[in-house]
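> Model the following, please.
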Amino acid sequence: MQMKANNTLTLAPFLLKTVGGLLILASLVEYILLFFPPAVSDPKLLDQYWKIDFWNQLVNSGVVPLVGMLLIFAGYWMSSTLNISPKRPFWQDLRFWVALLATILGIAYLVTIPVYLSNVNFVKEDTIKNIDAKTVVEKDRLNKQLEQVNAQLAEYQKVAKDKPKLEQEIARITQAINSGQVQGTQLEQFNNARANLESLKNNSQVLEQRNKQIQEEAKKELARIDSSQKDAKAITANNAILSVTKTDLKSLILAIAHTIVGWMGLKNVLTSSPNTVEKWE
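Numbers count the residues shown, from 1 in each chain. Predicted structure coming up:
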């Protein structure tokens, strides 16, 4: 029974080291794969990956190697406690390379903070430029539609001043509709034109009312476009702040944790080389 207990205690450090090593190995493989982004046809999406997704994934996977390192050190600590850990030069000690890797990752996560901040700001400014460009396009479209309507109203005003010409224009449009010469969208336009002319014939103030209505609708649409632009910019800015805060805070925590593990591990390995009693401080 005692031998079985001793075997279990001896096996525990081995399992801790093995699991820890596999976690670190899996993390290193994942880090390497991050440099091979998914295939995309749009260069902008690829650029977006390198600026945002790469760093996000790098930070999100940072806890796994840290756990692996702690498991390895725990395994060595247990071996030392059981006096089953052979003494060897520090460069032959796995803990030395694990601690060195932890130090390197700590520096890498520290560098990630300003790099990610810069990338998020770049993407934010690019998104805002796209929002502004889209707003300009929408306003230009609205202004062109308004110019077309105003030109049509001006034409109606000219016709309205000449009653015989007004009757002649109504008759011409009616004849074109009845003859079947116009179809589809053009037929709808002709019907609208005849209805407008009939209204103008019965009420000379209809043009002024219509013009006032059009101007009010245009103002409302412009206000909607400006409001959408403002909301989109605010959402973009808030998302950027949230992303930077979340990712950079994780990076800072990971940088501190890896650096502590790295430096304490190096100190322990170097002080526990041959002729020194192993200990974990």
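> Please count neighbours and contacts with C-alpha atoms only from this point.
OK.
> how about the nearest residue to residue 51, chain neighbours excluded?
Excluding the flanking residues, the one nearest residue 51 by C-alpha to C-alpha, 6 or more residues apart in numbering is residue 119, at 5.3 Å.
> Provide the secondary structure category for that neighbour.
helix (DSSP: H, G, I helix; E, B strand; the rest coil).
> so it sits right up against residue 52, yeah?
Yes. If you go by C-alpha atoms under 8 Å, residue 119 and residue 52 touch, sitting 6.7 Å apart.
> any idea how far stretch 216-236 is from the chain center?
Centroid separation between stretch 216-236 and its chain, computed with C-alpha atoms, centre = their mean, to the nearest Å, is 23 Å.
> Tell me which residues of it come out buried.
218, 222, 225, 229, 232, 233, 236 (16 or more other C-alpha atoms under 10 Å).
> Need these in a markdown table (columns: distance to residue 106, secondary structure and pLDDT).
Output for those, formatted as a markdown table (distance: C-alpha to C-alpha, whole Å; DSSP: H, G, I helix; E, B strand; the rest coil; pLDDT from 0 to 100):
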| residue | distance to residue 106 | secondary structure | pLDDT |
| --- | --- | --- | --- |
| 218 | 57 | helix | 85 |
| 222 | 51 | helix | 89 |
| 225 | 47 | helix | 91 |
| 229 | 41 | helix | 92 |
| 232 | 36 | helix | 93 |
| 233 | 35 | helix | 93 |
| 236 | 30 | helix | 92 |
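> Out of those, which is nearest to residue 20?
residue 236 (40.3 Å; C-alpha to C-alpha).
> That closest one against residue 126, yeah?
No. Applying C-alpha under 8 Å as the test, residue 236 and residue 126 come out as separate, 10.3 Å apart.
> just to revisit the earlier point, ok, the buried residues of stretch 216-236 vs residue 149, which is closest?
The closest of the buried residues of stretch 216-236 to residue 149 turns out to be residue 218 (C-alpha to C-alpha; 11.1 Å).
> and this structure, what are its domains?
2-131+250-271, 138-228 (automatic domain parsing).
> Pick out the shakiest of these, pLDDT-wise.
Lowest mean pLDDT within the domains of the chain: domain 138-228, a mean of 75.
> distance between the ends of that one?
Chord length of domain 138-228, first to last residue, is 11 Å (C-alpha to C-alpha, to the nearest Å).
> Check stretch 153-173 too.
Note: stretch 153-173 ends 17 Å apart using C-alpha to C-alpha.
> Now do the strands in the protein.
With DSSP state E as the definition, the chain shows no strands.
> Go ahead and flag the most central residue of it.
Centroid check for the chain by C-alpha atoms, centre = their mean gives residue 52 as the closest residue, at 6.6 Å.
> right, and it touches residue 116 too?
Yes. Proximity of residue 52 to residue 116 meets the contact threshold set by C-alpha under 8 Å, at 7.1 Å.
> rewinding a little: ok, the residue nearest to the centre of the chain - contacts?
Residues counted as contacts of residue 52 (C-alpha atoms under 8 Å, 6 or more residues apart in numbering) are 116, 119, 120.
> Now do the contacts for the residue lying closest to the last one once chain neighbours are set aside.
Using C-alpha to C-alpha, 6+ apart and skipping residues adjacent in sequence, the residue nearest residue 120 is residue 240, 6.3 Å away. Taking C-alpha under 8 Å, 6+ apart as the criterion, residue 240 is in contact with 120, 121, 124.
> Next, work out how far apart residue 240 and residue 222 are.
27 Å.
> what's the closest non-adjacent residue to residue 66?
Nearest residue to residue 66, sequence neighbours excluded (C-alpha to C-alpha, 6+ apart): residue 258, at 6.7 Å.
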